[in-house]
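Chemist: model the structure of this input:
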Amino acid sequence: MNKVKKTDGEWHALLEPIQFEVARRAGTELPFTGKFWNHHEHGVYTCVCCNTPLFESDAKFDSGCGWPSYFKAINSDNVIEHVDKTHGMIRTEIVCAVCDAHLGHVFPDGPPPTGLRYCINSASLRFDPT
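Modeler: Numbering: from 1, shown residues only. Purely as a prediction, here's the structure:
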């Protein structure tokens with residue numbers, strides 16, 4: 001997998017301010033404000049920075065948390081997990097394997113068949129309808 005690397009200036013030129021803050025600075029959008037938290041079209045959610053396919057709409061579910069939630073990634077090789085000890089918690093951060101964009105976190109409280117809840121910021125995603 002070829003890594004995508006850009007300077008902060010290059011990312012600034014390509015991304016909206018909220019996208020840069022979330023994807024490149026590990027920020028978090030407010031719950032119930034992102035454009036995909038209540039989105040129900042069929043298609044594929046990709047990385048906002050490099051367009052790597054991340055989640056299919058068939059894996060999306062309403063977790064009630066205010067962020068788009070998925071029970072599995074399209075390909076586990078497309079996301080990387082890191083331990084996140086910020087904000088007085090221990091969580092599992094999810095980043096894009098191609099460009100290292102911060103996507104969100106994964107929790108072990110999702111539905112079958114995986115029991116996982118990938119809690120992802122809308123600002124880290126693009127949507128390709130099918």
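
Chemist: longest helix anywhere in the protein?
Modeler: What stands out as the longest helix in the chain, according to DSSP state H, is helix 8-14.

Chemist: quick one: average confidence on that helix?
Modeler: Average pLDDT, helix 8-14: 97.

Chemist: next helix or strand past it?
Modeler: helix 17-19 (DSSP states H and E).

Chemist: which other residues reach that next one?
Modeler: For helix 17-19, contacts defined as Cβ atoms under 8 Å, 6 or more residues apart in numbering pick out 27, 29, 48, 49, 123, 124. Bear in mind the C-beta positions are built from the backbone N, C-alpha and C, glycine included.

Chemist: can you mark which positions in it are buried?
Modeler: Within helix 17-19, the residues scored as buried using 16 or more other Cβ atoms under 10 Å are 18, 19.

Chemist: same check on stretch 66-84?
Modeler: Residues 67, 68, 69, 70, 71, 73, 74, 78, 79 are the ones in stretch 66-84 that count as buried (16+ other Cβ under 10 Å).
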